[in-house]
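In: model this:
(chains A, B and C)
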Amino acid sequence: MKRIDERFPRKERLQGKRNFDRVYKDGAVYRTQHIVLFCLRDNVEGRKAAFVTSKRLGKAVRRNRIRRRLREAYRRFRAGLPERVHLVFVARSGVAELEWEGLLGEMGTVLLRAGLKKS
RNA sequence: GGUGGAAACCAGGUGGCCGCGCGCGGCCCUACGGCCGUGUCGAGGAAAGUCCGGGCUCCUCAGGGCAGGGUGCUGGGUAACUCCCAGUGGGAGAAAUCCCAAGGAAAGUGCCACAGAGAACAGACCGCCUGCGGCGAAAGCCGCGGGCAAGGGUGAAACGGUGAGGUAAGAGCUCACCAGUGCCGGCGGCGACGCCGGCAGCUAGGCAAACCCCACCCGGAGCAAGACCGAAUAGGAGAGGAGAGACGGCCCGUCUCGUUCCCACUCUCGGGUAGGUCGCUCGAGACGCGCGGAGACGCGCGUUCAAGACAAAUGGUCACCGCAGCGCACGGCCGAUUCGUUCGGCUUCUUCAUGCAGCUGACAGAACCCGGCUUACGGUUUCCUCCGGCA
RNA sequence: CGCGGGGUGGUGCAGUCUGGUAGCACGCCGGGCUCAUAACCCGGAAGUCGCCGGUUCGAAUCCGGUCCCCGCUA
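Out: So this is what the prediction gives:
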């Protein structure tokens, strides 16, 4: 079996306030129960993603854990995504209680809805 | 076994698979960077709150004062502290032990509600005693005046306590003892202070976490400090300045021609935004040993380099093992029973001792770096206090 | 990183500086007025003063600690 590329290097992280603002302003929005996805495909450089955990989700330890799990889940789908797309994943309350399989499933769902992934 | 208290320590482990950051090595490469390999490498005791104290950096700098703020028993530790250690004096407790912003109220100002007669150079309601007058058989009562502060009552607090003398009744009015205050002396201690002796006066309220006084300390900002590199656009400074003149503006000139400057163009320079790099981790460092000290801590020697992110890395997932608790089963005990069994309850003690792919596992994430404080929180060990039982 | 403001009946606020009585409005409850409702009139209940300590005879108030909420600068 061919090993799939599950890496997520630093340069694929979305950084800088202006990039975020652009995705929030011009990007399309897709929601599931625990994830909100902002997605911008027009006129962007590279494939970049970011994960947002607001203070409402808990203190720093809890937010870090949520963000790390989201990133791990994203890694599983990264290779099948388009080359030019900016993504911002926003965690909603309840993600922390989600099982790993459930989180993977939800990540797949939200990417499917955004049309970034074939079923 | 319980109970209360004090210290010290730990912060589950191992291994796959997939990732992230950093360092090192190699290869590719103009460079940014990419790929591969590799590592005693990669969160905490509080990384937290940001309550103190420093280092570091910049600003202002001739020195000082005032204002403002902080601290407040003594001695020591420290780079420094509001911290720590050792003591002193108070307080809590049966004890182990713990707690205390603990200078000054005979510098000044202010406050002390309600109650109460009186609350700050005390006061006289009831009361006690007494002189005179009146009434009355008397006890006594009434009126006017005087003496007193023992007793009652109020209050958080009422101007020493007990006893004796004294007196009309009383009172530190006098005396003895005690408590407390001030002063002097001696002894011990570096000192706070303690102990002892003497003298004085006769009692002097509390609150300075009220204003304040006294002593000591404090310049301001903060790593988004600060340093360097530096697009695009606009603007600034300087240099060059061809060609055309039918054609920009201005000046000289009637016009033509011509010239200077501006503009345009080219080049250079400096400031500087976005952005990037540095600051950024070797430091009051960590560990070990020895010495000094009662301790905080200090000194010496040796070894060692152990996170550096920036919409913010240090993880995700699976398996096994360990510890503690819980649950269930089994076992044990008790009760009921149709006495094969089945059902229900308990499993708190003693001895022996078993299983489960069972469940649960605390507080919490570095953001320039240290020293503290405070708060959150799971567990282990040791020592001590008191209580109960057994020997 | 550095600061500021706030927490008091159900709600919104006074009172805190200068310590002794917690007050106002709306709402709520009961009664009256009305055929009835509103308005109006009368009466009433309701507050661990965020929490924990300390100072004081006495603390919402003074002091220290702590928790939460809101906001500001870069």
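In: quick one: the longest helix along chain A near RNA strand B?
Out: Longest helix in chain A by number of residues (criterion: DSSP state H): helix A:60-78. Yes. Helix A:60-78 lies in contact with RNA strand B when judged by Cβ under 7 Å from any atom of the strand; the contacting residues are A:Ala60, A:Val61, A:Arg62, A:Asn64, A:Arg65, A:Arg67, A:Arg68, A:Arg69, A:Glu72, A:Arg75. Glycine gets a C-beta too; all of them are placed from N, C-alpha and C.
In: residues in contact with the fourth one?
Out: The one in question is A:Asn64. A:Asn64 makes contact with A:Thr53, according to Cβ atoms under 8 Å, 6 or more residues apart in numbering.
In: residues near A:Arg113, how many?
Out: Counted with other Cβ atoms under 10 Å, the neighbours of A:Arg113 add up to 15.
In: confidence score at it?
Out: Among the per-residue scores, A:Arg113 shows a pLDDT of 90.
In: SS state for the spatially closest residue to it that is not a sequence neighbour?
Out: Using Cβ to Cβ, 6 or more residues apart in numbering and skipping the chain neighbours, the partner closest in space to A:Arg113 is A:Tyr30 (4.7 Å). Here A:Tyr30 is recorded as strand under DSSP: H, G, I helix; E, B strand; the rest coil.
In: of the residues of helix A:60-78 next to RNA strand B, closest to A:Asn43?
Out: Nearest to A:Asn43 among those is A:Arg75, at 25.8 Å by Cβ to Cβ.
In: if I pick that closest one, what's in contact with it?
Out: Counting by Cβ under 8 Å, 6+ apart, A:Arg75 makes contact with A:Glu6, A:Arg7, A:Phe8.
In: who does A:Leu40 bridge with?
Out: In this structure, A:Leu40 bridges to A:His86 when assessed by DSSP bridges.
In: is it in contact with A:Arg22, as I believe?
Out: Yes. In this structure, A:Leu40 is within contact of A:Arg22 by Cβ atoms under 8 Å, at 6.4 Å.
In: how about the secondary structure of the most centrally placed residue in chain A?
Out: By Cα atoms, centre = their mean, the mean C-alpha position of chain A lies nearest to A:Phe89, the distance being 3.9 Å. Of the three states, A:Phe89 takes strand according to three-state DSSP.
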